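A.B. asks: Here is my input, please return the structure:
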Amino acid sequence: MSTDRRKVLAGLGAGAALGLVRPRLARAQQESDAMTETTTILRNGRITTLDPDTPEAQAIAIRDGLIAAIGSDADVMRLAEGAQVIDLGGRRVIPGLNDSHTHVIRGGLSYNMELRWENVPSVSDALAMLRRQAANTPAPQWVRVIGGWSEFQFAERRMPTLDEINDAAPDTPVFVLHLYARAMLNRAALQVLGITRDTPNPPGGEIEKDAKGNPTGMLIAKPSALILYSTLAQGPKLPVEDQVNSTRHFMRELNRLGVTSVIDAGGGGQNYPQDYDVVQRLHEDGQLTLRIAYNLFAQTPGQELTDYERWIGMTEPGAGDGFLRMNGAGENLAWSAADFENFLEPRPDPAPVMEEELERIVELLADNQWPFRIHATYDETIDRFLTVFERVNGRTPFRTRFIIDHAETVSPRNIERIRALGGGIATQHRMAFQGEYFVDRYGAEAARATPPIREMLATGLPVGGGTDATRVASYDPWVALHWLTTGQTVGGLALYGDENLLTREEALAIWTTGSAWFSGEQEVKGRLSPGMYADLAVLSADLMSVPDAQIRGIRSVLTMVGGRVVFADDAFRDLDPPIPPASPSWSVNAHFASPGAREVPLAPAALPMRACADGCAHGCGLHGHDHGVAWVNPIPVRDKGAFWGALGCSCFAV
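C.D. replies: Numbering: from 1, shown residues only. All right, here's what the predicted structure looks like:
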């Protein structure tokens, strides 16, 4: 086994949920070396290091891409001779954010042609964007709205209708993805896809039809999202040169948000090695501005074991370097083990064949010391997975990490089982986009600890932060940090009690030191201390002191990866590295500000509340009314009486 591989596969104690592991190099020796080789100093800041020995600092010295010294201005400025010195102006500095579960490699290939509705305040604004992009988009290309939005973010508190989408784009094909639940196609898209009244429903999905048997344009996942993704896959792709440009712009957007590392969880249709050519090319050309660890995702039902047998002969965990490295297997190990979190549908049960198929694959991975990760939303699924893992571990003890992804309803018992096997849980902010639907199906009490992150941390379990972007939730980490610390959805619904909320430092630690464990890199990233990567973000506002409602609007004004500036704005704009214009010329990012560059509207719960006492005269004398709640709460999804009662009187609905 290679030295690099041993380093990646090195175990971590159960108490390292926040990844607080000492660097290998002696601090005194590093500071001595820095005296003659320091290249950059950041001073006059408020630096959150997440290093328990020096939790707060004013200045950082950087040498050869690593933190050389950290401390007070007076101490660090002793190393300033010959160095570039950047005055932070008192701004907050944090370790670079690390998304422990995202799909950046696949997402980058299409980022430039996706219309993003993040931070769009109303349906009317969203439709205006759609209309404009439809006019810009040449045949045969489509307009695609791919995740990252919720109808509860809109002032109207609803989705756009199919009629509205057809009116905005009568001739250009449009595909609008809504969570894992459904997709809306306009008439032009139905035509190019050949979907007619005679088109049968595919397995696990439904083509909605009207009373006359004609397709409406709504595709419904029941319960699998395969109908959604297989339809999306039929759209035209960008030429390779535009895919390269698109990936660069996606990385820059993440840098704007303070992200310096990601773990790519693979994805359907993301074949290894051919679909990694673009990111590999960017790496070889020195154009990666993110550190990427990637997992390999089984692609074809019935051939998953064959996939992993082939890949084990081609690569190994840790192959690559600090910017692009292979991380193991998953998040899909076996298609029979999938349990999509479509809360508009009942919980799916994996097929009975799942245990047999999964056990053969996990046995192979354990024999070859491959870390692995697996998608699991529900505790019932996790329970079955862990029984398989325990059986394999009894024969071939796990010598490296494994990851449960998502785990929204995991139980305390299964948290303990994961910890005992040496695993961790990668959490995402999917509930910020689907919390209203979860509450509608399972109740508010069930949602109070979904996922139970406080319970995970209390047991010493490794916990990572992430987004699961780009097809359902937004890639914006500040939505996640807001959700972790306030418990609110993007629509303002408060899901959690105080007992499941995290402090801002705890949430930041999950997104930095915590996530580093999930790629085996906790000794080199996640903290700002000597010997660690100089990956950091200087923030537009102080995470530790701004009001809750303003967390979502925080951005980076200076992002560094390995001590190199990869994004700069505001007072540091002169340091911003150039990037070619977005291509092709009709692409979304050539005409619209990215979500990270838009002003973030306040969540509805943060807006001033209007009360009936302000002069309302529309009450029903017979039945009363309760529309004051509509100003501070999402409109109920299923209860029609409550829906209309929130707006005036239930008489209008029942």
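
A.B. asks: okay, which residue is most central for the chain?
C.D. replies: The centroid of the chain falls nearest to Thr467 when counting by C-alpha atoms, centre = their mean (1.6 Å).

A.B. asks: Give the full set of residues in contact with that one.
C.D. replies: Going by C-beta atoms under 8 Å, 6 or more residues apart in numbering, Thr467 touches 99, 101-102, 428-429, 473-477, 479-480. C-beta here means a position set from N, CA and C on the backbone, and glycine is covered the same way.

A.B. asks: same thing with Leu502?
C.D. replies: Neighbouring residues of Leu502 by C-beta under 8 Å, 6+ apart: 453-454, 484-485, 510.

A.B. asks: and it, how far is that from Ile510?
C.D. replies: 7 Å (C-beta to C-beta, to the nearest Å).

A.B. asks: Repeat that for Ala480.
C.D. replies: Taken as C-beta to C-beta, the span from Ala480 to Ile510 is 9 Å.

A.B. asks: Helices of the stretch 401-550 of the chain, start to end?
C.D. replies: 412-420, 431-442, 453-458, 477-486, 504-509, 515-517 (DSSP state H, counting those that start in this stretch).

A.B. asks: Tell me which residues are up against the second one.
C.D. replies: For helix 431-442, the surrounding residues in contact (C-beta under 8 Å, 6+ apart) are 149-150, 152, 179, 181, 341, 343-344, 408, 446-447, 450-451, 472-474, 479-480, 482-483, 488-491, 493, 495, 634, 636-638.

A.B. asks: ok, Thr137 touching Ser585?
C.D. replies: No. If you go by C-beta atoms under 8 Å, Thr137 and Ser585 don't touch, sitting 11.0 Å apart.

A.B. asks: Neighbour count: the two, which is higher?
C.D. replies: Between Thr137 and Ser585, Thr137 has the larger neighbour count (other C-beta atoms under 10 Å), namely 23 against 10.

A.B. asks: Please name the residues that touch the more buried one.
C.D. replies: Residues near Thr137 by C-beta under 8 Å, 6+ apart: 143, 172, 586.

A.B. asks: got it, and Asn500?
C.D. replies: With C-beta under 8 Å, 6+ apart, Asn500 has these contacts: 448-449, 452-454, 487.

A.B. asks: circling back: what subset of the contacts of helix 431-442 is buried?
C.D. replies: Using 16 or more other C-beta atoms under 10 Å as the burial test, the contacts of helix 431-442 include 149-150, 152, 179, 181, 341, 343-344, 408, 447, 450-451, 472-474, 479-480, 482-483, 488-491, 493, 495, 634, 636-637 as buried.

A.B. asks: Please state the offset of stretch 135-142 from the chain centre?
C.D. replies: In terms of C-alpha atoms, centre = their mean, to the nearest Å, the centre of stretch 135-142 is found 28 Å from the chain centre.

A.B. asks: and what of stretch 534-554?
C.D. replies: In this view, stretch 534-554 has its centroid 18 Å away from the chain centroid, taken as C-alpha atoms, centre = their mean.

A.B. asks: Buried ones in it, by neighbour count?
C.D. replies: Per 16+ other C-beta under 10 Å, stretch 534-554 contains these buried residues: 534-541, 543, 546, 549-554.

A.B. asks: Could you export it as PDB, CA atoms only?
C.D. replies: The C-alpha coordinates for stretch 534-554 follow below in PDB (Å, rounded to 0.1, in the frame of the first residue of the first chain):
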ATOM      1  CA  ALA A 534      -4.100  27.900   4.000                       C
ATOM      2  CA  ASP A 535      -7.700  27.500   2.900                       C
ATOM      3  CA  LEU A 536      -9.800  30.400   4.300                       C
ATOM      4  CA  ALA A 537     -12.600  32.900   3.700                       C
ATOM      5  CA  VAL A 538     -12.800  36.500   4.800                       C
ATOM      6  CA  LEU A 539     -16.500  37.200   5.300                       C
ATOM      7  CA  SER A 540     -18.700  40.100   4.300                       C
ATOM      8  CA  ALA A 541     -20.300  40.200   7.700                       C
ATOM      9  CA  ASP A 542     -19.400  38.700  11.100                       C
ATOM     10  CA  LEU A 543     -20.900  35.200  11.400                       C
ATOM     11  CA  MET A 544     -20.500  35.300  15.100                       C
ATOM     12  CA  SER A 545     -22.500  38.500  15.700                       C
ATOM     13  CA  VAL A 546     -25.000  39.300  12.900                       C
ATOM     14  CA  PRO A 547     -28.700  38.800  13.500                       C
ATOM     15  CA  ASP A 548     -30.000  35.300  12.600                       C
ATOM     16  CA  ALA A 549     -31.900  36.600   9.500                       C
ATOM     17  CA  GLN A 550     -28.700  38.000   8.000                       C
ATOM     18  CA  ILE A 551     -26.700  34.700   8.100                       C
ATOM     19  CA  ARG A 552     -28.100  33.600   4.700                       C
ATOM     20  CA  GLY A 553     -26.700  36.800   3.100                       C
ATOM     21  CA  ILE A 554     -23.100  36.300   4.200                       C
END
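
A.B. asks: Rounded mean pLDDT for that stretch, please.
C.D. replies: For stretch 534-554, mean pLDDT rounds to 97.

A.B. asks: going forward, begin numbering at 24 instead of 1
C.D. replies: Sure thing, new numbering starts at 24, so read that last one as stretch 557-577.

A.B. asks: got the residue ranges for the strands in the stretch 124-273 of the chain?
C.D. replies: Assigned by DSSP state E, counting those that start in this stretch, the strands in the stretch 124-273 of the chain fall at 166-169, 197-201, 205-208, 228-232, 238-244.

A.B. asks: right, and the ones you listed - which one's nearest Glu141?
C.D. replies: The minimum distance between Glu141 and the strands of the stretch 124-273 of the chain falls on strand 166-169, with 10.5 Å, by C-beta to C-beta.

A.B. asks: Can you tell me which helices and strands that closest one packs against?
C.D. replies: Applying 3 or more C-beta pairs under 8 Å, 6 or more residues apart in numbering; DSSP states H and E, we find strand 166-169 packed against helix 146-159, strand 197-201.

A.B. asks: okay, and for this protein, where does confidence drop off?
C.D. replies: Low-confidence segments of the chain (pLDDT under 70): 24-61, 625-677.

A.B. asks: if we can go back for a sec, how much space between the residue nearest to the centre of the chain and Phe408?
C.D. replies: Applying C-beta to C-beta to Thr490 and Phe408 gives a distance of 22 Å.

A.B. asks: circling back to that earlier point, closest one to Met337 among the strands of the stretch 124-273 of the chain?
C.D. replies: Closest of the strands of the stretch 124-273 of the chain to Met337 is strand 166-169, at 30.0 Å (criterion: C-beta to C-beta).
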